[in-house]
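*Asks:* 3D model of this:
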Amino acid sequence: MAKQNTALLLSRYIWLIDTISSAGYITRDEIDRRWSRSALSEGESEIPERTFHRYKDAIQELFQIEIAYSKNKGYFIENTGDIQKNELRKWLVSTFSVNNLINEGLNLRKYIGFEPIPSGQQYLTTILEAIRDRVKLRVKHQGFFKDEPHCFTIAPYCLKVFKQRWYVLAASEYPDGRLLVYGLDRILEIERTDDSYSIPDDFSVDEYFGSYYGVAAPLGAKPELVRLKIDASQVKFFRSLPLHSSQKEIETTEEYSIFEFFLVPTYELIKEIFANGQHIEVLSPQSLRNEILDRLKGMCNKYQIIL
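*Replies:* Numbering: from 1, shown residues only. This is a model prediction of the structure:
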């Protein structure tokens with residue numbers, strides 16, 4: 001019941017954020033009018049004043065989104081730009097907003113195609129609470145390349161979403177306490193322990209994952225300059241959805257564009273390059289170009305093609 005109440009409150013917070021944000025400026029009367037038509041209202045014709053301000057304070061604390069008031073125009077989002085800059089907040093708001101809309105009109109489900117997401121979401125609350133309380137977790141983990149599951153303790157640092165999958169970055173039981181990434185869909189069981197831990201004050205999720213594409217990089221690997229040559233037919237896709245925050249378009253012609261990145265060449269990056277097939281060519285570094293060539297040779301051998 002507690003988890004259901006938490007989910008309901010989160011949905012109401014997001015509803016309020018979305019309602020005010022989409023309106024620009026909105027009066028309390030208009031908020032109540034829209035609230036009365038929402039399935040989240042559970043029959044209430046208005047949001048009581050004390051409840052409204054409680055929601056407002058919770059939104060500030062949880063999402064760092066400030067709902068401000070103008071005497072002449074009504075309520076508005078003070079820091080709308082921050083929402084757009086913060087990918088997690090933007091994702092949360094958009095996801096819950098769509099979910100709320102669907103729940104208000106269940107017949108809308110047939111007009112939306114959902115991509116199946118691997119299991120593991122049921123552990124999100126437990127992990128987030130452990131991060132908040134700085135307590136370690138005992139997990140039962142089934143690795144892809146292990147015959148049997150293993151039980152061990154982790155100290156979670158953060159959660160990350162990549163390619164529709166949830167991952168937790170955590171300090172491991174290795175003597176050096178190295179940080180490792182675990183897919184939540186590979187976790188079979190999870191429980192809190194009484195053991196505490198600390199996260200360095202200067203730890204930043206964005207900085208940790210900022211030097212590479214994906215969720216994992218070879219131990220000790222350093223970012224380097226990567227140049228990719230993209231066919232003109234695919235250039236607009238790269239411009240509209242950058243592969244990495246360091247992406248720069250350094251040369252443009254009618255036939256192609258060259259994009260430059262500063263990152264660690266990871267396994268996920270190699271998979272992304274292959275996903276673009278003949279429309280992309282690695283120009284540098286030579287080590288990455290050689291890696292692509294070796295994999296191409298391996299594919300050709302599978303199909304008995306001689307290069």
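*Asks:* and Cys151, what does it touch?
*Replies:* Residues near Cys151 by Cβ atoms under 8 Å, 6 or more residues apart in numbering: 138-141. Placement of C-beta: from N, CA and C, glycine included.
*Asks:* Asp32: which element?
*Replies:* Per DSSP states H and E: Asp32 is located in helix 28-37.
*Asks:* CA atoms only: put the following helix or strand past that helix into CSV for me.
*Replies:* Next along the chain after helix 28-37, taking DSSP H and E as the criterion, comes helix 49-63. Taking C-alpha atoms only, helix 49-63 is exported to CSV below (Å, rounded to 0.1, in the frame of the first residue of the first chain):
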residue,chain,number,x,y,z
GLU,A,49,-4.9,24.9,-0.5
ARG,A,50,-2.7,23.1,2.1
THR,A,51,-2.4,20.1,-0.1
PHE,A,52,-1.4,22.3,-3.1
HIS,A,53,1.4,23.9,-1.1
ARG,A,54,2.5,20.5,0.2
TYR,A,55,2.8,19.2,-3.3
LYS,A,56,4.6,22.4,-4.4
ASP,A,57,7.2,22.0,-1.6
ALA,A,58,7.6,18.3,-2.4
ILE,A,59,8.2,19.1,-6.1
GLN,A,60,10.9,21.6,-5.0
GLU,A,61,12.6,19.1,-2.8
LEU,A,62,12.4,16.0,-5.1
PHE,A,63,12.9,17.5,-8.5
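*Asks:* which stretches of the chain form strands?
*Replies:* Per DSSP state E, the chain carries strands over the ranges 67-70, 74-77, 135-141, 150-162, 165-171, 179-183, 187-196, 224-231, 248-252, 256-263, 280-284.
*Asks:* can you report how many residues lie near Pro175?
*Replies:* By the criterion of other Cβ atoms under 10 Å, Pro175 has 6 neighbours.
*Asks:* report the contact partners of it.
*Replies:* With contact taken as Cβ under 8 Å, 6+ apart, Pro175 is in contact with no other residue.
*Asks:* how close does it get to Glu260?
*Replies:* From Pro175 across to Glu260, the span is 39 Å (Cβ to Cβ, to the nearest Å).
*Asks:* could you do Gln60 as well?
*Replies:* Going from Gln60 to Glu260 by Cβ to Cβ gives 39 Å.
*Asks:* so which of the strands of the chain is the most surrounded?
*Replies:* For the strands of the chain, ranked by mean neighbour count under the definition mean count of other Cβ atoms under 10 Å, the leader is strand 165-171 at a mean of 21.
*Asks:* and the residue positioned nearest the centre of the chain, what are its bridge partners?
*Replies:* Centre of the chain computed as the mean C-alpha position; nearest residue by Cα atoms, centre = their mean is Val161, 3.5 Å away. Beta-bridge partners for Val161, by DSSP bridges, are Trp166.
*Asks:* tell me the contacts of Thr252?
*Replies:* 235, 258.
*Asks:* so where's the protein uncertain?
*Replies:* By pLDDT under 70, the weakly predicted segments of the chain are 1-7, 81-119, 307.
*Asks:* can you list the buried residues in the longest helix along it?
*Replies:* When every helix of the chain is counted residue by residue (DSSP state H), the longest turns out to be helix 2-23. Within helix 2-23, the residues that qualify as buried are 10-21, 23, counting by 16 or more other Cβ atoms under 10 Å.
*Asks:* of all those residues, which two lie farthest apart?
*Replies:* When the buried residues of helix 2-23 are compared pair by pair using Cβ to Cβ, the two farthest from each other are Leu10 and Ala23, 20.6 Å apart.
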